[in-house]
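Engineer: Sequence first, predicted model second:
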2 protein chains.
Amino acid sequence: MFSKTCEYAIRALLYIAQQSDAGHKVGFRQIAQAIDAPEPFLAKILQDLTRKGLLQSAKGPNGGFFVAAMDISLAAVVRAIDGDKLFSGCGLGLPNCSETNPCPIHQQFKSVRAQIQKMLQSSTIGDFNDLIAQGLVRLKSA
Amino acid sequence: MFSKTCEYAIRALLYIAQQSDAGHKVGFRQIAQAIDAPEPFLAKILQDLTRKGLLQSAKGPNGGFFVAAMDISLAAVVRAIDGDKLFSGCGLGLPNCSETNPCPIHQQFKSVRAQIQKMLQSSTIGDFNDLIAQGLVRLKSA
DNA sequence: TAAATAAAAGATATTTTTGTCTTTTATTTA
DNA sequence: TAAATAAAAGACAAAAATATCTTTTATTTA
């Protein structure tokens, strides 16, 4: 569904959002530990998210990552990392699949895509702060 | 959503099903042409599908690929090629995500997965024979 | 039985994704 | 201002997915 990169990005943002909510900046090592991601790979992803404005960073002592806007949708994150193939692409990979030129599963797929989009559009990175803080949901396995 | 391999596999099976329905065996070159897939790559996929029993093949003159069972579900095809990650995996990639140990989007994802599964389970490779024969749906772009 | 046909199998190549390591730049604070 | 801190940037490496090419095996038919 999502690329590994995108999975790490979402998990990282949810963690940083919760930490920001609690008033803390966090370094990438701490984030990597919290979401169980490879440190240098995650660092690249965080750089990318920062460049794209979904995340803020501060250098130097007491620096780290934090989020300024809790109302960024998960759809925006997915779009930033994986593009909008998930939201608009053909299920069978046809470049010019459309209503007038449909693949066999065009209609069925359209409705699946709509549900996915609805789900991702209606959740924001800040929506899970409390659940995460209370330990009711997890961002890593171990 | 699906791997490229899986997209080719579905498109190929739908084409072969329709051709079988019309009483024709088809060679892999013809299939590649009909669904716009790289010939040798497709050949590998067809071999795999044949080994797994989703497809039949005959060697020699007048040989080619054909399907014996029109009632194979698209879900079975996806499962054979991409495994059941799509049907049972965690949206955020957590290996042991579960009801009692959920990721933040566990419930939402569950419902999306159910809809995808329903869609793929309720369509078979033979369901599109007529639409394809009539040219009302497409298996390639050009 | 020989020739032609077509899939099967095996080896190899390319591209993309995922992951790692090192150096540089910016910021803070003592 | 110097030292420490932490992200940014760049080069590199490994693995997986995608794609290609050649040889072998099985089948049919003339």
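Structural biologist: Great, that's in hand.
Engineer: wouldn't A:Ile81 be in contact with A:Tyr8 here?
Structural biologist: No: because the distance of 9.0 Å does not satisfy C-beta atoms under 8 Å, A:Ile81 is recorded as not touching A:Tyr8. The C-beta positions use only the backbone N, C-alpha and C, and glycine is treated the same way.
Engineer: Those two: who's more crowded?
Structural biologist: Neighbour totals were compared for A:Ile81 and A:Tyr8, and A:Tyr8 leads with 25 against 20 (other C-beta atoms under 10 Å in any protein chain shown).
Engineer: Does stretch A:11-31 reach chain B?
Structural biologist: Yes: under the criterion of C-beta under 8 Å from any C-beta of the partner chain, stretch A:11-31 makes contact with chain B via A:11, A:14.
Engineer: where does stretch A:113-129 sit relative to the chain's centre, distance-wise?
Structural biologist: 10 Å (C-alpha atoms, centre = their mean, to the nearest Å).
Engineer: hey, C-alpha coordinates of it in CSV?
Structural biologist: Taking C-alpha atoms only, stretch A:113-129 is exported to CSV below (Å, rounded to 0.1, in the frame of the first residue of the first chain):
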residue,chain,number,x,y,z
ARG,A,113,-9.6,4.6,-3.7
ALA,A,114,-12.3,6.9,-2.5
GLN,A,115,-12.4,5.1,0.8
ILE,A,116,-8.7,5.2,1.2
GLN,A,117,-8.6,8.9,0.5
LYS,A,118,-11.4,9.6,2.9
MET,A,119,-9.6,7.7,5.6
LEU,A,120,-6.3,9.6,5.1
GLN,A,121,-7.9,12.9,4.5
SER,A,122,-9.9,12.8,7.7
SER,A,123,-7.0,12.0,10.0
THR,A,124,-4.3,14.5,11.0
ILE,A,125,-0.9,13.9,12.5
GLY,A,126,-2.1,15.4,15.8
ASP,A,127,-5.2,13.2,16.1
PHE,A,128,-3.3,10.5,17.8
ASN,A,129,-1.3,12.5,20.4
